[in-house]
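Enquirer: here is a sequence together with a model predicted from it:
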Amino acid sequence: MLALQGPRGRTVSHVLPVLARLRAWQGSDCHQNGYRSFAADGKGDKDGKGKPPSYIQRVLGSWADKNNESSIAAVKADGAEESSLVPPGQLDHKHRKVFVVELSRKPLFPGTYTPVMVLKNEKLIKEVLDAKKQGGQAYVAAFLAKTEKVLAEEQAAAGQGEQAKDSNSSTSSSNGDVDISKGADHLYEVGTFAQVHTVLAGDTEGSAQLLLLGHRRLKREAVLSTDPLRVAVSHLRDEAYVNDDITKATSMELVNTMKDLLTMNQLYSEQFRTLMSLTGSIDLNDLSRLVDAAASLTSGDDVTLQGILECLQVPTRAQRVLELLKKEVELCKLQADIREQVESKIMKEQRRMILMEQLKSIKRELGLEKDDKATLIGKFNEKWEPKKAAAPEEVQRVVQDELDKLSGLEPVSPEFNVTRTYLEWLTSLPWGLYSQEIFDIQHAQQVLDEDHYGLQDVKARILEFIAVSRLRGTAQGKILCLVGPPGVGKTSIGRSIARTLERKYYRFSVGGLYDVAEIKGHRRTYVGAMPGKMVQCLKATCSSNPLVLIDEIDKLGRGHTGDPASALLELLDPEQNTGFLDHYLDVPIDLSKVLFVCTANVLDTIPPPLLDRMEVIRLSGYTAGTGVYAW
């Protein structure tokens with residue numbers, strides 16, 4: 001295994017993972033997300049009295065003072081290795097035939113490093129290792145692979161639509177995995193003559209990670225072999241240019257823009273620091289190398305960067321790279337604005353949360369807050385979650401609104417206790433909970449005989465009611481009214497019917513009732529407001545289909561607060577009670593599954609509209625014999 005050495009013998013084998021992460025970051029759109037920037041103190045740089053300049057500022061500041069240094073610095077390993085950058089003109093005649101390493105993302109610029117993962121190409125790896133063992137250095141040609149879009153456009157222009165599928169499949173191959181039938185057609189013609197600085201074994205067989213150092217541009221002339229891919233190349237030179245004032249101004253603007261970019265984004269600073277640790281320094285007078293180093297820092301798309309690599313006019317190339325750097329600076333500014341907005345919002349929320357916790361602690365210490373509001377809301381949520389899915393949409397919305405309202409109220413507020421009581425009723429009702437009915441005639445006969453002696457006609461009518469309910473599949477829609485003298489067993493028969501159907505049983509008497517609020521509930525605006533009897537029934541039975549016995553319905557009163565008989569019309573009508581509205585809850589409640597049984601001594605005092613909704617079953621009084629036996 002060969003060690004990678006930097007200036008003054010510094011080992012840089014640890015740089016490979018860093019470079020791989022930086023290249024992957026630049027090749028994606030994720031580089032715009034969240035890196036904390038740092039700013040330089042401009043005043044300190046000018047007068048020298050501020051804080052000491054950073055490493056990046058010292059490097060960039062030193063460029064302006066280097067007027068006669070060489071264009072490329074030497075990187076030696078313990079003073080024994082030759083310069084890593086081959087000077088122009090050296091070894092050109094020796095490297096006209098080189099092996100090819102395929103780049104999947106960005107092109108490699110001269111004077112820069114890049115890690116490349118070679119997969120499934122044992123022959124190429126063997127050739128590189130043999131060259132390094134024999135001559136100490138191995139050189140390859142690094143070409144960028146064309147994207148599917150570029151290949152499709154080229155094929156459309158050449159009229160090769162039939163071969164589009166085969167050509168596009170070649171672009172999906174990994175680095176070094178070349179399609180033999182297509183040779184190098186999937187690669188750009190202009191690439192970079194690169195030195196293989198380090199070879200590290202990969203995780204899988206036939207793979208390796210290469211650290212390439214770009215030297216100069218080259219152009220592919222012909223394909224010599226395909227396994228591994230080897231091509232004939234010609235080395236390219238930059239066209240001569242005049243170092244006039246425009247060129248000098250462009251060079252200075254490049255340096256200033258790079259300084260702004262490095263100080264605004266820490267990732268660019270880390271990449272530049274790695275580059276400097278490998279190459280030593282960059283000559284300001286060598287505009288070509290300066291432009292290439294700046295282009296390697298940008299995150300432009302593959303086509304744009306490949307165009308810069310193919311451009312041999314240095315002033316033109318400098319203008320194009322300067323535009324890319326300006327875009328990177330604007331993106332960094334936008335990123336900083338977004339980060340500041342997010343951090344400001346988060347800090348505001350965190351500050352409010354901390355202050356609320358402190359206020360809560362102070363109130364607990366002073367004894368002003370006896371009930372823990374968070375615990376109370378958690379208890380309501382725990383009770384509500386199992387019933388939430390079966391509850392109507394309107395009820396879900398009301399409960400959520402009340403929970404949000406409770407969380408914003410102080411426990412000392414009068415509205416707090418009103419909201420808490422209201423939530424206790426809403427979350428305690430059996431939304432969607434029903435008891436299983438049984439329509440068994442023999443079981444019903446047995447229960448009625450155990451509970452009552454005689455009353456054969458009444459039992460037969462009840463069995464007939466159960467049989468019809470069995471055929472219909474439900475007992476809803478029927479309202480039974482048991483009429484007879486006091487003491488004949490009307491209330492006990494209602495309890496027996498509940499046992500027969502295995503429904504929950506609830507009884508309340510309306511004898512002498514004159515307040516409608518007893519049935520439909522009080523409005524929450526009143527002190528001590530409570531729901532009506534039906535809501536209390538549902539909470540007590542924990543079932544949405546109980547049997548409700550309304551006792552003494554013939555003794556309803558009537559006062560200045562309303563007519564209870566009119567309120568019972570809505571309660572007992574199966575077409576209206578599907579959306580029964582209690583004044584306290586103020587949300588619709590489905591009572592259509594409730595079985596109502598009423599008792600009365602006489603029918604004369606029952607209002608006719610209410611009597612029309614009932615099915616009357618008469619109970620006669622006891623004779624002397626049956627009364628003594630029952631006793």
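Expert: Right, received. Where do you want to start? Numbering: from 1, shown residues only.
Enquirer: every contact and neighbour count from this point should use C-alpha atoms.
Expert: Will do.
Enquirer: which ones are touching Glu575?
Expert: Ser592 (C-alpha atoms under 8 Å, 6 or more residues apart in numbering).
Enquirer: which residues sit in contact with Leu482?
Expert: So Leu482 contacts 490, 597-600, 616-619 (C-alpha under 8 Å, 6+ apart).
Enquirer: what stretches of the stretch 301-450 of the chain score poorly on pLDDT?
Expert: 367-372 (pLDDT under 70).
Enquirer: narrow the contacts of Leu482 to those in strands?
Expert: With DSSP state E as the criterion, strands contain 597-600, 616-618 from among the contacts of Leu482.
Enquirer: got the contact list for Arg618?
Expert: 458, 482-484.
Enquirer: and it, how far is that from Leu610?
Expert: Separation of Arg618 from Leu610 (C-alpha to C-alpha, to the nearest Å): 17 Å.
Enquirer: quick one on the thing from earlier: which one of the contacts of Leu482 is nearest Gln446?
Expert: Nearest to Gln446 among the contacts of Leu482 is Lys490, at 18.1 Å by C-alpha to C-alpha.
Enquirer: beta partners for the spatially closest residue to the closest one that is not a sequence neighbour?
Expert: Of all residues not flanking Lys490 in the chain, Leu482 sits nearest, at 6.0 Å (C-alpha to C-alpha, 6 or more residues apart in numbering). Beta bridges link Leu482 to Thr599, Ile617, judged by DSSP bridges.
Enquirer: so how far is Ser509 from Leu482?
Expert: Taking C-alpha to C-alpha, one finds Leu482 at 14 Å from Ser509.
Enquirer: one more: Asp590?
Expert: Using C-alpha to C-alpha, Asp590 is found at 22 Å from Ser509.
Enquirer: tell me the contacts of Lys459?
Expert: By C-alpha under 8 Å, 6+ apart, Lys459 lies in contact with 445, 448.
Enquirer: okay, and it sits in which element?
Expert: For Lys459, the element it lies in under DSSP states H and E is helix 456-472.
Enquirer: ok, which stretches of this protein are strands?
Expert: 97-103, 113-118, 139-144, 190-201, 208-226, 229-235, 479-483, 505-509, 547-551, 580-581, 588-589, 595-600, 615-618.
Enquirer: hang on, the earlier thing: with distance to Ala194 added, can I get the contacts of Arg618 in CSV?
Expert: Shown next, in CSV, are the contacts of Arg618 (distance: C-alpha to C-alpha, whole Å):
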residue, distance to Ala194
Val458, 106
Leu482, 104
Val483, 107
Gly484, 110
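Enquirer: tell me the most packed of the residues you listed, by neighbour count.
Expert: The most crowded member of the contacts of Arg618, judged by other C-alpha atoms under 10 Å, is Leu482 (24 neighbours).
Enquirer: how close does that residue get to Leu568?
Expert: Distance, Leu482 to Leu568, using C-alpha to C-alpha: 17 Å.
Enquirer: swap in Tyr505?
Expert: If you go by C-alpha to C-alpha, the gap between Tyr505 and Leu568 works out to 19 Å.
Enquirer: who has more neighbours out of those two?
Expert: Neighbour count, other C-alpha under 10 Å: between Tyr505 and Leu568, Tyr505 has more, with 21 against 15.
Enquirer: need the nearest residue in space to the more buried one, chain neighbours excluded.
Expert: Nearest one to Tyr505, counting by C-alpha to C-alpha, 6+ apart, is Leu547 at 5.0 Å.
Enquirer: same deal with Ala295?
Expert: Val321 (5.8 Å).
Enquirer: pLDDT-wise, which helix or strand of this protein ranks last?
Expert: helix 42-47 (a mean of 37; mean pLDDT, DSSP states H and E).
Enquirer: what about the stretch 451-600 of the chain, any weak spots by pLDDT?
Expert: The stretch 451-600 of the chain contains residues with pLDDT under 70 at 477, 559, 561.
Enquirer: do that again at 50, thanks
Expert: Applying pLDDT under 50 to the stretch 451-600 of the chain flags no residue at all.
Enquirer: and the helices in it?
Expert: 456-472, 490-501, 517-520, 533-541, 564-572 (DSSP state H, counting those that start in this stretch).
Enquirer: closest to Lys373 out of the contacts of Arg618?
Expert: Nearest member of these to Lys373, counting by C-alpha to C-alpha, is Leu482, at 49.4 Å.
Enquirer: quickly list what the nearest residue to Val190 once chain neighbours are set aside is bridged to.
Expert: Distance criterion C-alpha to C-alpha, 6+ apart; nearest residue to Val190, sequence neighbours excluded, is Lys219 at 4.5 Å. Beta bridges link Lys219 to Val190, Ser234, judged by DSSP bridges.
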